[in-house]
Each structure stands twice: as C-alpha cells, then as structure tokens.
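Q: Need a 3D model of the sequence below.
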Amino acid sequence: MHNTILALGLLVWMIAPAVHASDHEPSPGVSLAAPNLSTGLPPLVDTAKKAKRSVVNISTTQKIQRQSGRQRRPSPFGGEDPFEEFFRRFFPDPSPDQPRSLGSGFIISEDGYIVTNNHVIGEADKITVRLSDEEEYQATVIGSDQRTDLALIKIEPSSPLTAVPLGDSEALQVGDWVMAIGNPFGLEQTVTVGIVSATGRVIGAGPYDDFIQTDASINPGNSGGPLLNLEGEVIGINSAIFSRGGGNIGIGFAIPIDQAKSIIAQLRESGKVTRGWLGVMIQPVTKELADSFGLEEPKGALIAEVTEGGPAQQSGLERGDVITAFNGQTIHDSRDLPGLVANAPVGSAAQVKLLRGGQEQDISVKLGELPDQLASRRPAQADQESWGMTVADLTPDIARQFQLDASREGVVVTAVEPGSPAASAGIQPGDLIEEVNRKTVTSVTEFSTAIADLNDEDTLLVLARRGTFTSFFALKKSG
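A: As a prediction, the model looks like this:
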C-alpha cells in the first residue's frame with residue numbers, strides 16, 4: 001500500500017499555518033478602514049470556555065522493573081517514545097513508576113464516565129485523572145477496544161461533573177470549523193481551531209478506518225481529547241496525526257463520534273465490544289480482477305477465503321463470490337463491508353447480495369460473534385497490472401525449503417522474474433498456487449495445461465496461499 005498513514009512508522013503531530021501581514025503600505029492621504037475580523041470568524045470563546053470544563057488530563061503509571069540507568073518508557077503511539085527527550089530534559093532519571101501525562105479525555109456523564117483512546121491508558125497499573133479545576137481522581141477501566149482505539153474509564157467525583165454533549169459527525173462537511181481541546185506535552189487545557197479537511201479517511205489503522213481529517217493543531221497529549229463543532233458538541237475523538245519528522249504539519253485524524261457511540265455504549269453496559277462475524281477474508285476488486293470475473297465494473301468485496309465452520313460457509317458463500325450489498329446497503333469498495341458486518345447484531349439474519357459466475361444471488365447468513373483471537377487484517381493486496389515465474393510440485397523437500405504445509409495441494413512458486421507479469425501482480429517465491437482461472441491445480445502438469453491455451457491478451461487469474469491467507473492475483477502479459 002502506497003503512502004500508508006499510520007501512527008506506526010510515523011510520529012503523530014501537527015501545526016497551524018502562520019498568518020503574515022501584508023507587505024504593502026497604504027498610499028499617503030488614503031484612509032483604509034480596519035477590517036472587521038469578527039464578522040468572518042466563528043464565535044469561539046464561549047464554546048471553548050464551556051467545553052474546557054469537560055476535558056481532562058490523563059496520566060498513567062506502569063510499574064516496570066528498572067534494569068539499569070534511566071528507565072525508557074514505551075510509547076503510546078508505538079515505537080520510540082516521542083516524549084522521551086522532553087522528559088529527559090525536564091524530569092531527569094524518574095522512578096520506574098513515575099506518572100507522566102500521556103493524553104486527554106472528555107466527560108460524558110455527571111457521575112464520572114470518561115472517554116479516551118485505548119493507546120492512552122495502554123497497560124497502565126494506575127490511571128490518574130485531573131479535572132479542569134485541578135482536582136485529581138484515580139480512574140478504573142470500564143472497558144477498551146483495540147480495534148477502534150477507544151476506551152471508557154470512570155472516576156468517583158465528589159460532586160456532579162459537567163458532561164460534554166455528543167454531536168452528529170455524519171452532518172460534518174469539508175470546510176466546517178472545528179475545535180480541539182487537550183493536553184499536548186502536558187500543557188493542560190490547550191485549545192486549537194481549524195477546519196474539517198476531509199472525511200472518511202482510510203489511514204491503514206485497521207478494518208474500521210473512517211477518520212475525520214482536520215488541520216486543527218493536534219500533538220501528542222491531545223490523544224483522547226474531543227474534536228468539537230461550534231455548538232460545543234463532540235464530533236470526533238482525536239487519535240493520531242501524520243508527521244515524518246516529529247514536527248506539526250497540519251494533518252490530524254479523529255474517530256467520528258457516530259462510530260464511537262455504539263462502542264462507548266457497549267463498553268459502558270458490559271465492558272466489552274461484540275461484533276457481527278461473517279467469516280470471510282476479503283480483498284478489493286481491481287479492474288483486472290473485475291475483467292477476470294466478468295464484472296461490469298470494479299466494485300464490491302471479493303471473497304478470497306471462507307473460514308471453515310464459519311457463518312459464511314454454513315450459508316453457502318464461496319471463495320470467488322463478490323459481495324455487492326449487505327443488509328440493503330451497497331458495497332462500493334471492500335472497505336465498506338467490515339463496518340457493516342461488525343455493527344450488525346450477533347445472531348441476526350443478514351441479507352447478502354452477491355455475484356457468482358456473473359449471476360446475482362441473495363443469501364441469508366446468520367451472523368456469529370467475531371472471535372477475539374481473529375487478526376483484524378485482510379489478505380495482502382498486490383498491484384495487479386498485467387507471467388515470469390517458475391513453479392514446482394509440492395514435495396516434502398520443497399515444503400521444507402519454503403516452510404509450507406506438505407499436506408496441502410497446489411504448486412509452489414520457486415522463482416519470480418523481476419519486471420514480469422507475475423512480479424507486477426505481486427506473486428512471490430513461496431506462494432502456493434491452488435487455483436488457475438478458477439480450476440484447482442495440484443501439479444505442475446495441471447498448471448501447465450491450465451495456462452497453455454491463454455493468449456497474450458488474456459488474464460491469468462491465480463489463487464495463491466501465502467502463510468495462512470489466500471488471495472486472488474490477476475496477471476496480464478506486458479505489451
């Protein structure tokens with residue numbers, strides 16, 4: 001995937017644009033009226049003043065046995081801690097369990113329920129919440145959800161708290177004003193303003209990606225804090241920013257509150273999140289795959305693998321089916337399906353519309369519950385553009401060489417020529433080809449027969465297993 005944006009190999013920060021005064025001087029004798037800036041700017045003071053009462057600072061303590069010298073602290077963003085240099089300068093040689101400001105949160109009920117990011121609380125042994133009036137409380141974790149990076153914690157306040165109202169993120173439009181409040185670098189109650197830069201952003205964080213992008217200044221420590229509209233309603237939860245060098249560059253991401261509402265409700269009720277489970281691995285439908293499957297256009301979710309014993313298999317879904325609608329909602333892209341399935345009630349009968357062999361079918365599937373141990377990943381997708389590969393029978397020696405299961409059937413790719421159709425499609429040495437043009441192949445002879453009659457303009461559709469996952473690859477000869 002090109003230009004993957006993750007709080008993974010990248011630090012997570014951002015910056016507001018500078019405003020420069022005009023270089024032109026007025027002509028002598030000409031009176032220029034001062035512009036009334038207030039007429040073009042939204043009313044921010046009241047919104048900020050009211051909302052700040054509901055934003056909290058969250059610090060955590062994790063007891064780690066000191067090895068020697070300074071104890072390095074794990075980063076809530078993954079990788080090296082972006083706060084390390086800051087704390088090295090101002091708080092030298094802390095104890096192993098010294099609390100540090102890690103993030104923000106916001107109050108959603110008078111009795112002390114607080115929403116934040118899962119990565120803010122992490123594996124903390126102790127969570128300290130500081131309110132806007134400087135009161136501090138110890139918090140307990142009600143529940144957390146790694147797949148959406150959300151967490152719900154609770155304190156026992158001495159008096160009713162001010163809860164911030166939750167808004168409607170579906171109503172957001174690009175260009176709308178938004179406000180972020182949080183504790184960047186431990187600087188409490190920092191308010192920044194910007195606009196909605198984009199909605200529906202996919203940044204590679206997981207199968208439920210659907211982020212709001214904003215240029216409101218967000219930095220480490222803002223995580224878990226609210227992104228508000230001008231009415232002071234939470235429309236997003238600040239979660240990540242994009243930066244190559246640690247500097248703030250004006251690209252931040254927030255989880256839409258409409259996506260978070262159901263997660264928060266489940267965490268509050270049961271302390272965990274249950275999701276519908278279809279039991280398939282899917283991949284996008286590229287133009288080449290659409291041509292190979294006889295589809296009119298490249299849309300839908302292509303089933304690359306059906307989980308044995310899962311709801312899809314029990315209902316008759318097959319590998320190679322293209323799901324075009326789920327419970328009446330059109331699947332334009334494979335990214336549309338996971339969220340719809342996850343939000344469907346466990347045990348409900350989901351209506352799945354699909355294409356199989358060019359024919360449309362409607363199948364009812366009784367959804368299961370998504371197992372916790374399932375990896376939230378999709379089959380690897382390659383750039384399938386246009387065959388230059390050597391294959392061999394799956395012998396015990398070949399199986400050992402490529403660390404494959406010798407009991408499986410297929411032919412093993414032992415070499416791929418750089419720049420070839422196979423390389424262009426993403427085929428790799430060690431891939432186990434199980435099907436060619438929708439026909440099972442168990443030997444080199446069968447593989448050779450399957451491709452013998454293909455012309456230069458034909459597409460070679462390959463189903464290959466890599467590790468524990470299978471994916472379709474469409475190969476086209478160059479020229």
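Q: Going by C-alpha atoms from here, please, whenever you check contacts or count neighbours.
A: Fine.
Q: Where does pLDDT dip in the stretch 51-200 of the chain?
A: Judged by pLDDT under 70, the stretch 51-200 of the chain has its weakly predicted residues at 62-101.
Q: Show me the strands in it, by range?
A: 55-61, 100-107, 113-117, 126-130, 136-145, 150-154, 177-182, 190-201 (DSSP state E, counting those that start in this stretch).
Q: could I get these as JSON lines with distance to residue 164 and mean neighbour count?
A: Listed next are the strands of the stretch 51-200 of the chain as JSON lines, based on distance: least, Cα to Cα, whole Å; neighbours: other Cα atoms under 10 Å:
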{"stretch": "strand 55-61", "distance to residue 164": "8", "mean neighbour count": "27"}
{"stretch": "strand 100-107", "distance to residue 164": "6", "mean neighbour count": "28"}
{"stretch": "strand 113-117", "distance to residue 164": "10", "mean neighbour count": "26"}
{"stretch": "strand 126-130", "distance to residue 164": "16", "mean neighbour count": "20"}
{"stretch": "strand 136-145", "distance to residue 164": "19", "mean neighbour count": "19"}
{"stretch": "strand 150-154", "distance to residue 164": "15", "mean neighbour count": "25"}
{"stretch": "strand 177-182", "distance to residue 164": "12", "mean neighbour count": "28"}
{"stretch": "strand 190-201", "distance to residue 164": "15", "mean neighbour count": "18"}
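Q: Of those strands, give the one that comes closest to residue 469.
A: strand 136-145 (24.6 Å; Cα to Cα).
Q: which strands and helices sit next to that closest one?
A: Packing partners of strand 136-145 (3 or more Cα pairs under 8 Å, 6 or more residues apart in numbering; DSSP states H and E): strand 126-130, strand 150-154, helix 257-270.
Q: which residues touch that strand?
A: 118, 126-130, 150-157, 263, 267-268, 271-273 (Cα atoms under 8 Å, 6 or more residues apart in numbering).
Q: Work out the gap between stretch 145-164 and the centre of the chain.
A: Distance of stretch 145-164 from the chain centroid (Cα atoms, centre = their mean, to the nearest Å) equals 22 Å.
Q: Ok, stretch 47-64 next?
A: 24 Å.
Q: would you list the helices and strands packed on strand 136-145 in TSV and tack on distance to residue 325?
A: Shown next, in TSV, are the helices and strands packed on strand 136-145 (distance: least, Cα to Cα, whole Å):
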stretch	distance to residue 325
strand 126-130	43
strand 150-154	28
helix 257-270	20
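Q: What are the neighbouring residues in contact with residue 186?
A: Contacts of residue 186 (Cα under 8 Å, 6+ apart): 57, 101-103, 221.
Q: Just give me the closest of the residues you listed to residue 340.
A: For those, the nearest to residue 340 is residue 103 (30.2 Å; Cα to Cα).
Q: Next, count neighbours for the closest residue to the closest one other than its chain neighbours.
A: Of all residues beyond its chain neighbours, the one nearest residue 103 is residue 221 (4.0 Å), with distances taken as Cα to Cα, 6 or more residues apart in numbering. For residue 221, the number of neighbouring residues by other Cα atoms under 10 Å comes to 28.
Q: how would you label residue 221: helix, strand or coil?
A: coil (DSSP: H, G, I helix; E, B strand; the rest coil).
Q: What residues are recorded as beta-bridge partners of residue 252?
A: Taking DSSP bridges as the rule, residue 252 bridges to residue 214, residue 241.
Q: Report pLDDT for it.
A: We have a pLDDT of 87 for residue 252.
Q: right, and it touches residue 214 too?
A: Yes - using Cα atoms under 8 Å, residue 252 is in contact with residue 214, at 5.3 Å.
Q: follow-up on the earlier one: so which of the helices and strands packed on strand 136-145 gets nearest residue 194?
A: It's helix 257-270; of the helices and strands packed on strand 136-145, that one is closest to residue 194 (Cα to Cα) at 17.7 Å.
Q: For that closest one, C-alpha coordinates in CSV please.
A: Taking Å, rounded to 0.1, in the frame of the first residue of the first chain, the C-alpha atoms of helix 257-270 are listed here in CSV:
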residue,chain,number,x,y,z
ILE,A,257,-18.3,10.2,17.2
ASP,A,258,-21.1,8.4,15.4
GLN,A,259,-18.7,5.4,15.0
ALA,A,260,-17.7,5.7,18.7
LYS,A,261,-21.2,6.0,20.2
SER,A,262,-22.1,2.3,19.8
ILE,A,263,-18.7,1.3,21.1
ILE,A,264,-19.0,3.5,24.2
ALA,A,265,-22.5,2.2,24.9
GLN,A,266,-21.3,-1.4,24.8
LEU,A,267,-18.3,-0.7,27.0
ARG,A,268,-20.5,1.0,29.5
GLU,A,269,-23.0,-1.8,29.5
SER,A,270,-20.8,-4.9,29.5
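Q: by contact count, what packs against it?
A: Judged by 3+ Cα pairs under 8 Å, 6+ apart, helix 257-270 is in contact with strand 136-145, strand 150-154, strand 234-241.
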